[in-house]
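coords please:
(5 chains, ligands or ions: 4)
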Amino acid sequence: MSTPAPVLRLDGLGWSVRGVPIVQDVSLDVAEGEFVAFIGPNGAGKTSLFNLVSGIYPATHGTLHLDGADITALPVPARARRGLGRTFQTSSLWPGLTVAEHVRLAAQAAAGPAASYRIWRRAGHYRQQVEQTLERTGLADRADHLAGSLSHGGKRKLELAVLLVGEPRLILLDEPMAGVSAEEVPALVELIRSVHQEQGRTVLMVEHHMDVLLGLADRLAVMHHGTLLALDTPDAVMADATVQGAYLGEAL
Amino acid sequence: MTEPLLQVRELRVVIDGLHILHGVDLDVAATGVTALLGRNGAGKTTTVKAVMGLVPRTGAVTFDGADIAGLPTHLVVRRGIGYAPEDRGIFAGLSVAENLRLAERDGDPAYDLVHELFPELKQRHRQPAGTLSGGQQQMVAIARTLLNGNRLIIADEPTKGLAPKIVTEVADVLARAAETVPVLLVEQNLALVRRVAGHCAVLADGRTAHQGDARALLADEDAARRLLGVGSHRPDTHGGTPR
Amino acid sequence: GTAGTSTGAGSGGGDKSPVKVGLVYSKTGPLAAYGKQYLEGFKAGLAYATKGTGAVDGHPVEVAEQDDAGDPAKAVSAAKDLIGKNYKILAGSTASGVALQVGPIAAQNKVLFISGPAAADKVTGLNKYTFRSGRQSYQDTRAAASFIGDAKGKKVTVLAQDNAFGQANVAAVKDVLGGEGATVDAVLAPPSATDLTPFATQAKDAKPDLLYVAWAGDTASALWTSLNQQDVFSATKVVTGLDVAASYPLFGPAAEKIDFLNHYFGGAAGTEAEKAMTDAVAKAGSKPDLFTPDGFTAAQMVVHALEANQGSDADTDALVKALEGWSFDGVKGKLTVRAEDHALLQPMFQVKLTGSGADAEPTAVRTLPADQVAPPVAKTAG
Amino acid sequence: MTAHLKRWWPLALLLVLFAAPYSALPVPGLLDGPLGSPGSLQLIALCLLYGGLATGYDLLLGRTGLLSFGHALYFATGLYATDLAMLEFGLGFVPAALFGVACTVALALLLGSVSLRVTGIGFSMVTLAFAQAGSILVQRNPGGLTGGEEGRSAPAEHLPDALIGIQNTANLYWIALAYLVVTLAVVHWTVSSPTGRIWAGIRENERRVEVLGLRPYGFKLVAFTVSGALAGAGGVVYLLLTGGATPQAAGSDATLALLVMVVLGGSGTRWGPLLGGVLYTWAAHRLGDLANSDSIAQLPAVLRVPLSQPLFLLGTLFVAVVYLLPGGLAKLPARLRGGRAAKTAVPVTAVPEGAA
Amino acid sequence: MNTVVLLACTGLGLGALYFLVASGLSLIFGLMDVLNFAHGALLSIGAYAAWWAATDGGMGFWLAVPFGTLVGTAASVLLELALIRPLYARPRDQILATVGVGLALPALLMGIWGSDARPFPQPAALAGTVDLLGATVPVNRFVLMAAALVVLVLLRLFLARTRYGLIVRAGVEDRAMVTALGIDVRKAFTLVFAIGGAAASLGGALAGLYFGSVNPSQGTGLLIFAFVVVVMGGMGSVTGAAVASVGVGLVQQFANYYTAAGLGDLSVVVLLAVLLLVKPRGLTGRLA
Ligand SMILES: Nc1ncnc2c1ncn2[C@@H]1O[C@H](COP(=O)(O)OP(=O)(O)OP(=O)(O)O)[C@@H](O)[C@H]1O
Ligand SMILES: Nc1ncnc2c1ncn2[C@@H]1O[C@H](COP(=O)(O)OP(=O)(O)OP(=O)(O)O)[C@@H](O)[C@H]1O
Ligand SMILES: [Mg+2]
Ligand SMILES: [Mg+2]
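Ligands and ions are numbered 1, 2, ... in the order given. Sure, this is the predicted structure:
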């Protein structure tokens, strides 16, 4: 793999709570257009690492660079404005807004804060973006439903829609498939694949379902006890006996 | 099938004027695991919530011969039904130990069993449950149903978000628990269903679309595709097609 | 709205067109008790002044009552409503805030306004159309000053709340007694303070010859308890205004140690008008109290103004003219409406309480003649 | 046809309201005296004013999800600053009013930027504390400025002649009506602006807005200031209507009253707060009459005593509304029609696609 | 020196009164998420019931106080059963309902007993003063402090040691889930209201001592400061409320006395603003 300048560089990144390390010394370069999947036992620190990268938790050790600029101290909104978008492991939406309103809100936010401070203007419809995104995520027929009334799978899709309409360059996905019924999985996988391969976005994703990852990921990062245990191509990682023992077990 | 332990007939749920269940029939066998299947939004979660009395419902619900359709939730539970909800229902501000302590109902809570299954929880018993990882929270939720001598356990997608190894372990736990206590299992992971479930019911659009033997259903490609939207030739967890 | 009650006090009421009088006062709210006394007084006064006919020169007097609940905004709305319905005579205002807001409205619309129990000095001389039927703070202050005798070289401390009422009292005492050569200082407590013990000690430490307590509101009881506990009474002479009968028990064990100045209490005056008032009020199942004369006097003034105009209220300026400088026998004795600023000159009382708690009974020690307690002439705005 | 009716009824209502002073229509029960009489106009004007105030307050409560307990402070600032500018600086009414609103905006910016540092109920309490401080300050009569508990009446000589005297009540009424229209316009316009869309996002889930790359703080401050400015302008109108500034306007009860109005009508809806403000004000004035009426005086004590207390009636009424009419009066028609509402719920903020 | 002692003692007395109101408020808010605007009215009910018992009821003071507390507790339970419980699913409406009750109840008291203050009979044993380091301190301030201390200890025991405390803490987070564990959470909530109401009405009965009289708006007047105390202490923390009560009582008393314009109230507000800016979650770090 040729190595252009990394989009995201983690350097000794760590986070501890009252002295207890949750994430320790994670160093990692992610190249433009790369797809890195994170696996690891429950409680390994995958979500915590995503929280560090997106700025929800402040890093207690190490540094974080996006496009060569140090973003370790930036708050959440500033990082988001630099093109960093994420979804949450537990759905985090606006329960009282409809599906279409979600996407519209996200589309407007993507246009930068200045676009949102125009109190004297009428809010734009962002019609094309909204329709396209709903179409892509298969939510078009539920555009007028309140988010609170969607089923679990619907909420996961909406999370993705809100993320995608902002066209972030670096995407963090935290278990996007959890709870999605078997029937819907292929469509979602296809969606993520197109975002990655056709639009060339850089993707970091946590997922427990190996069969999903194997077709998508360029590299597999294995986390264990807050540290990066292994980082390699999927095949190499799957062959690793420690990973087998600690994580996969006799897969179901 | 012998006399079912839990019998649901014509269950209907309306929330905010929205008809969510239009007549669900469901029999939970007195032994083993009964699986409740269906696509996203089919109404599985709503069905178990209705059984628990967590949403307003009409219809008949009989547990062990007694009508429980009108009972408030806490009395349903006291009849011996343990419930692990879909969103886990963890008390984020309480410690792990307090979460478990709340679930104690009878004099002799089975902490041995719980700690044997999830040693993790013993180590973390003073940690606020809200800071547990997703999977650890799921463990707490399951542990709470195992603590008491329940006569039925209802678990709504208990393996969601668990690492593969733990999924296997939970499957073992459920299978073991099912030896003594019948289990109603809502699950998307068909491989797991195949492994543990005997009987199954499939919901579609708020109605019961099928009831019968689980393995037979999963073996029948047409039926599985029609009811669940997946062919049975790929018994894997998910239909992701690696290219 | 108007809860209109025609006071057809006598069957001999006139058959000519009625004259309408609007009362805007506190029927509910924190000052409801004052309002009740005022209304009883007004009814008694109307019957007395019209000799039981309820009519002036054959024009029956119709009284409309409007509740302001102590809120000036409500009072202004009510006043506008009445004025819009062609009422040319308004009376009432239990609270000073109400009087000071309704007064200008009356002037703007050229209707007669006779303020009630509201004690603010500013009501005097407010404008050409505003009169008052009660006493004002300055008269209280003068009455308090009467306790000190010769003021020269004496030290007077005012204990009051740090609000408009308290500040006005301090200014008035400085004006009256300071002018006579006394040194006046003040202990001002925040109006919202609930624990008054420190202020009681402060007042005591000031070692005045006379401590004038100008206090209104819910904390009165706490104040008297504190003053008693800190043993202020043994150190100085304490003077305060005597409020309504219901408040007597609030003085607690201190009741007998205080020198009271008083606007009025039931039985204070011994005049003919008082007797008429007491009888009428008793017939209605009640007792005269602090503000009953204010209503009575207001009714006397209304009737007099109308009588001077043959029962017509058409010309407000004529009504005003009739009242300015008018002297008459009221409940408290001889009353005079001072022409320059419409102050109501009237006697005040020095009172002692005997017994404490529920048994406290007032007795008048001295009647202070009207000119001794007269306020200085205020400049009338317009 | 009915669709047209639905669209145009606000305009029709506005016309009716505009023409009210020319009418001598008696409205027995609702109003004491004919529609165009000064008393009725004054009451309706107050109702409209409070309708506007409640609408402005709902910009915070229903649209941005900020529960402020200190809104009366901004109302009182507009009221007192305008009055004092006339009394103390001798300004004419119009410059004084501008000064009053400017003061309100400045104060809202200042206190808003402090109190928005905390979220949730903490924010509510800080606003309450600030308002309490303001109320105490007014009561305290600093430097003889505010007149303490007596208040200060507006100087007639500084007011235009057309606003003085009972014969000009109609002019005051039109001013109140204009204030209401302006407030409604401002609220509806801002709510459907890009900023309004963010407000809705903040109301529903503030954290999620951050992840989109926007800092909620600034947007909340805008809402706070706009809402404060509207309240300040309301204070100016109130000064005209009541002819003076009194401390009742600054008390915490005044904010609670606004809260009650919004809830009564329906928070977060287009017409609800207006409806609530009008009804509450009307009830507050007319319940007094009911409480004092002869029919109540004749009741036995168990009934008479509570019923003769307007505040008791109001409080009880409020509880009943909260209890029986969740979502307020504005949601009543939908509730009566029952069903379907949830699935087709119209977006609260923006017009649905295609409607424009 | 003696002034400082006097101010400290009276400030502590005031703080104790605040605590009695705020502890229940904090408990109810922290555990049930209900900001109880009717709490001041509960205090007034306790005060009036004790006053009635001590005068018309012919009971002695020592019977009247428990009687007032009992009546207030009953009113509190009634409030919970009739208004709060049916609105469990609508938290904001719960607050609003209490606002309504907070308006209506004092008006009712006013309707029955008039708006004037009624003198509260003081037992001879408590009417006097104690000399402490040269200051003459009213005895009843110490009664208040003692009562507050007892309430504090009892509340802490309740929360930490009893299963009900645990249930209530869990119930706030997810009521439905608590019932899904087989627990009747409603009982626990009623209990919390009863406890909060008991503390407030005890405060009311003792406020009669403190003010020397009772009047309908007394409770509401104390409520705002109780709110301030609750926020400063960290919503829901009883210990925090205790610390904040003492702080507010002392600051108010000293500032009232030593600042020229009697800025006690204002300094409390400033204190609150500053504290929240420095520590947005209040003294104890609980979420505000
Ligand atoms: N605020 C906190 N305080 C204490 N411990 C915490 C905190 N946040 C997270 N942890 C702990 O850190 C560990 C990592 O949690 P994290 O949520 O990152 O796991 P994860 O890898 O995403 O797991 P899962 O796959 O189950 O979601 C867990 O053991 C969790 O209990
Ligand atoms: N409170 C609610 N209000 C409105 N609609 C609801 C509500 N709860 C559920 N629904 C709707 O009812 C349907 C059934 O939902 P339910 O959660 O029971 O499905 P499910 O089978 O458990 O789905 P999943 O596999 O995604 O968990 C969905 O379409 C959902 O949108
Ligand atoms: Mg995770
Ligand atoms: Mg589900």
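
going by C-alpha atoms from here, please, whenever you check contacts or count neighbours.
Noted.

ok, residue A:33 - contacts?
A:196-197, A:200-203 (Cα atoms under 8 Å, 6 or more residues apart in numbering or on different chains).

can I get the residues you listed in a markdown table including pLDDT, neighbour count and secondary structure?
Converted to a markdown table, the contacts of residue A:33 look like this (pLDDT from 0 to 100; neighbours: other Cα atoms under 10 Å in any protein chain shown; DSSP: H, G, I helix; E, B strand; the rest coil):
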| residue | pLDDT | neighbour count | secondary structure |
| --- | --- | --- | --- |
| A:196 | 88 | 21 | helix |
| A:197 | 86 | 15 | helix |
| A:200 | 84 | 16 | coil |
| A:201 | 88 | 21 | coil |
| A:202 | 91 | 23 | strand |
| A:203 | 92 | 28 | strand |
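
which pair in the residues you listed spans the largest distance?
A:197 and A:203 (10.1 Å; Cα to Cα).

using CSV, write out the CA atom coordinates for stretch E:266-284.
Taking Å, rounded to 0.1, in the frame of the first residue of the first chain, the C-alpha atoms of stretch E:266-284 are listed here in CSV:
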residue,chain,number,x,y,z
LEU,E,266,-28.7,40.1,46.2
SER,E,267,-25.5,38.6,47.5
VAL,E,268,-27.2,35.2,47.6
VAL,E,269,-28.1,35.5,44.0
VAL,E,270,-24.6,36.6,43.1
LEU,E,271,-23.3,33.7,45.1
LEU,E,272,-25.5,31.3,43.1
ALA,E,273,-24.5,32.7,39.8
VAL,E,274,-20.8,32.6,40.6
LEU,E,275,-21.1,29.1,41.9
LEU,E,276,-22.9,27.8,38.9
LEU,E,277,-20.4,29.4,36.6
VAL,E,278,-17.5,27.8,38.4
LYS,E,279,-19.2,24.5,39.2
PRO,E,280,-22.2,24.1,36.9
ARG,E,281,-23.2,21.0,38.8
GLY,E,282,-23.5,22.6,42.2
LEU,E,283,-21.4,21.9,45.3
THR,E,284,-21.7,18.2,45.3
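
still on that earlier bit, quick one: which of the contacts of residue A:33 is nearest residue E:78?
For the contacts of residue A:33, the nearest to residue E:78 is residue A:203 (57.1 Å; Cα to Cα).

show me what contacts the closest one?
Per Cα under 8 Å, 6+ apart, neighbours of residue A:203: A:33-36, A:170-173, A:196.

gap between it and residue A:217?
Going from residue A:203 to residue A:217 by Cα to Cα, to the nearest Å gives 9 Å.

got it, and residue D:182?
Taking Cα to Cα, one finds residue D:182 at 57 Å from residue A:217.

just residue D:181 next, same as before
For residue D:181, the distance to residue A:217 - Cα to Cα - is 58 Å.

burial of the residue in chain B positioned nearest to chain C, as a residue count?
In chain B, the residue that lies nearest chain C is residue B:93 (38.8 Å; Cα to the nearest Cα). Neighbours of residue B:93 under the rule other Cα atoms under 10 Å in any protein chain shown: 17.

and chain B, which of its residues are near ligand 2?
B:15, B:20, B:39-46 (Cα under 6 Å from any ligand atom).

if we use 5 Å, what do you get?
B:20, B:40-46 (Cα under 5 Å from any ligand atom).
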